[in-house]
Each structure stands twice: as structure tokens, then as C-alpha cells.
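*Asks:* Curious how this folds, go ahead:
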Amino acid sequence: MSNDITDLRFFMAVAEGGSLAEAARRMDVTASAVSQRLRQLETRLGLHLVHRSTRRFSLTDEGELFYAGAVGLLAQLDDLIDSVRSRSGEVAGTLHVCGPLGFGRHHLAAAIADFHALHPKLMVSLTLSDVISAADASRFDMIVHIGNLADSSMVAYPIAPNARFVCGAPDYLARHPAPRKPQELVTHDCIALRENQEDVTLWRFRKNGGEVSVRVPSILSSNDGDVVRQWALRGKGLIMRSEWDVAESLAAGRLVRVLEDWHLPEAGIVALVDGRHGMSARVKLFLSFVQARFKPVPPWRR
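*Replies:* Residues are numbered from 1 along each chain as shown. Down below sits the predicted model:
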């Protein structure tokens with residue numbers, strides 16, 4: 001049997017792609033080339049690794065075992081290489097980072113550029129997406145995430161505090177008196193941000209130990225936070241947004257907070273790392289860098 005390490009990386013791409021077509025797209029080859037190489041690998045192993053038909057693609061029990069082993073072995077290899085290089089002060093290889101669209105554009109991209117200037121031999125790949133699942137844990141070295149992600153295999157490291165506010169433009173509030181309690185939101189025009197399969201029109205509030213949930217009427221919605229904020233700035237309605245996103249507009253008076261004595265669920269910014277394997281030297285280095293960048297006070301609170 002060939003022990004070529006590229007076989008392990010190849011099978012990881014197949015397993016994580018969820019289909020031969022997606023694996024082919026990620027590797028920039030044809031689906032037929034992926035299918036042929038998979039058959040060759042299965043022949044060498046004497047095992048069926050994948051159930052595949054026109055309607056179904058899933059790993060066999062042996063495929064699941066092989067995938068888990070490949071992930072572990074490659075992580076150990078990367079850690080070994082990182083450790084050896086770090087002894088000489090050199091950090092190299094590739095760091096795969098995923099982050100939210102808006103926060104990624106406004107904060108994470110600049111942080112990565114500054115980090116790379118300090119470590120020019122390290123390649124960094126940044127993917128921006130607001131749709132994150134537990135399956136993404138194995139695709140990235142780190143996922144920068146806002147709020148909670150229910151997945152026990154991932155360990156969350158705090159990066160920065162971040163609250164959520166309900167706010168609107170002065171023009172809108174001149175036409176629609178500010179709500180005094182959450183229940184009054186049902187009479188307002190509200191704008192919803194669709195993200196992470198959340199129930200985006202159910203807004204939850206806390207005050208003095210009590211909780212209130214309100215189903216708000218959504219006249220406009222988008223999956224882009226910048227679009228939602230721009231609609232609010234144009235006086236189209238009230239939004240519930242992260243502090244980091246609206247702090248500048250609030251400070252300039254272009255947006256005004258409402259229901260200030262009510263608290264929304266915290267949405268701290270965290271780094272999610274796969275807890276099934278040790279953290280590599282390059283991940284530790286980047287984590288320390290971004291944590292220091294947002295301390296002692298993040299930019300949106302300065």
C-alpha cells in the first residue's frame with residue numbers, strides 16, 4: 001500500500017466536500033479524475049471508503065475511520081513542522097481562517113494584513129461567510145465567530161466583548177416615537193438580518209432578571225449586515241445589530257439607541273478552534289495577536 005501523504009489530503013478533500021463534484025472544484029480538477037483516484041485508493045486499501053450513487057454520497061464506517069485518522073495524522077505532522085520551525089523563530093505553512101462577512105471586511109482583514117507583515121513566510125487564507133456549521137471545524141484552523149456556536153468539538157477563545165443594540169435613524173424616530181418597552185416593537189417597522197439560520201424576527205430582551213421575547217414585523221430583510229445598517233440610516237426602520245457595527249454611527253448621531261435599559265443577548269467575538277487536536281504554533285501565534293489587538297478596549301468602545 002502506498003503511504004503517500006497526498007492520499008490523506010486527497011481523501012480529506014473528498015470527505016469534507018460532501019460530493020465528488022465539490023471535491024473536484026476544491027482541487028481544481030475534473031470530477032472524473034477525483035472518481036478515478038478514489039477508486040485507486042480504495043483498491044490499494046482493499047476497502048470501500050464511500051457510498052456513492054446518483055442520489056447518495058456518504059462515508060462508509062471504514063471511510064469515517066480513515067478520515068478521522070487522516071485528520072489526526074496531518075494535524076500532528078503540521079504541529080511537528082510548526083514546532084521545529086518555531087524553534088528558530090520562523091513560522092511558515094498556511095493558516096486557514098474563516099470569519100463573518102462584515103466583521104471580516106472591517107476588522108479581521110486588516111488584522112491579518114498586519115499579522116502577515118510580521119510573519120511574511122506564513123501564508124494566510126481568509127474565507128468570509130456568515131453561514132458556519134460544525135462541519136467547518138475541520139476545514140479551518142480558526143473560525144472567528146460572533147455569538148455562540150453549539151458544537152462541543154470546538155473550543156472558544158474570547159477575542160473581544162460585543163453587545164447588541166436596537167437602534168434607528170433620527171428621521172425614523174421623528175416619525176415613529178421610540179418604543180418604551182419591547183412589546184411596542186410590534187407597531188414599528190423593523191429590519192432583519194438573516195444569519196446562521198437563526199430566528200431573526202424573534203428579538204429577546206432581559207431586564208431585572210426577567211425575559212421578554214417579541215416577534216417583530218420585518219418590512220425588510222437581508223443576509224448582509226452592511227445593507228441592513230444602510231437601510232436603517234435611510235430611516236427605513238429599527239435594527240438589532242452588533243455594537244461593533246453601529247458604534248460609529250451612534251457616536252456620530254446618525255443612529256440612536258432605543259430600549260437602552262433592556263439587554264439583548266451578548267454576542268462576544270470568539271475564536272473557535274477544533275478541540276479534538278492540539279493547537280499548532282501558527283494558530284497560537286495568530287490567536288495571541290488578535291487577542292492583543294482588541295485589548296484592553298476594542299476599537300468600537302474607544
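
*Asks:* going forward, measure contacts between C-alpha atoms and count neighbours the same way
*Replies:* Noted.

*Asks:* which secondary structure element contains residue 174?
*Replies:* Following DSSP states H and E, one finds residue 174 within helix 170-175.

*Asks:* before we move on, what about residue 205?
*Replies:* Taking DSSP H and E as the definition, one finds residue 205 inside strand 202-207.

*Asks:* Same question for residue 239.
*Replies:* For residue 239, the secondary-structure element it belongs to, assigned by DSSP H and E, is strand 238-242.

*Asks:* Give the rounded mean pLDDT of that strand.
*Replies:* Rounded to a whole number, the mean pLDDT of strand 238-242 is 97.

*Asks:* elements contacting that strand?
*Replies:* Where contact means 3 or more C-alpha pairs under 8 Å, 6 or more residues apart in numbering; DSSP states H and E, strand 238-242 is packed against strand 164-168, strand 190-193, helix 225-233.

*Asks:* Tell me which of those lies nearest to residue 157.
*Replies:* strand 164-168 (19.6 Å; C-alpha to C-alpha).

*Asks:* shaky segments in this protein?
*Replies:* Applying pLDDT under 70 to the predicted model, the residue ranges of the chain that meet it are 1-3, 54-56, 82-90, 133-138, 149-152, 196-197, 276-278.

*Asks:* got the angle between the strand holding residue 205 and strand 238-242?
*Replies:* Strand 202-207 and strand 238-242 are oriented at 70 degrees to each other (axes from the mean of the first three to the mean of the last three C-alpha atoms, to 10 degrees).

*Asks:* Tell me which residues of strand 202-207 come out buried.
*Replies:* For strand 202-207, the buried set under the neighbour-count rule, 16 or more other C-alpha atoms under 10 Å, comprises 203, 205.

*Asks:* do stretch 45-57 as well
*Replies:* The neighbour-count criterion (16+ other C-alpha under 10 Å) identifies 48-50 as the buried residues of stretch 45-57.

*Asks:* coming back round to it: work out the gap between the strand holding residue 205 and the centre of the chain.
*Replies:* When distances are taken as C-alpha atoms, centre = their mean, to the nearest Å, strand 202-207 is centred 24 Å away from the chain's centroid.

*Asks:* What is it packed up against?
*Replies:* Strand 202-207 makes packing contacts with strand 210-215 when contacts are defined by 3+ C-alpha pairs under 8 Å, 6+ apart.

*Asks:* Isn't residue 267 up against residue 148?
*Replies:* Yes. Proximity of residue 267 to residue 148 meets the contact threshold set by C-alpha atoms under 8 Å, at 7.4 Å.
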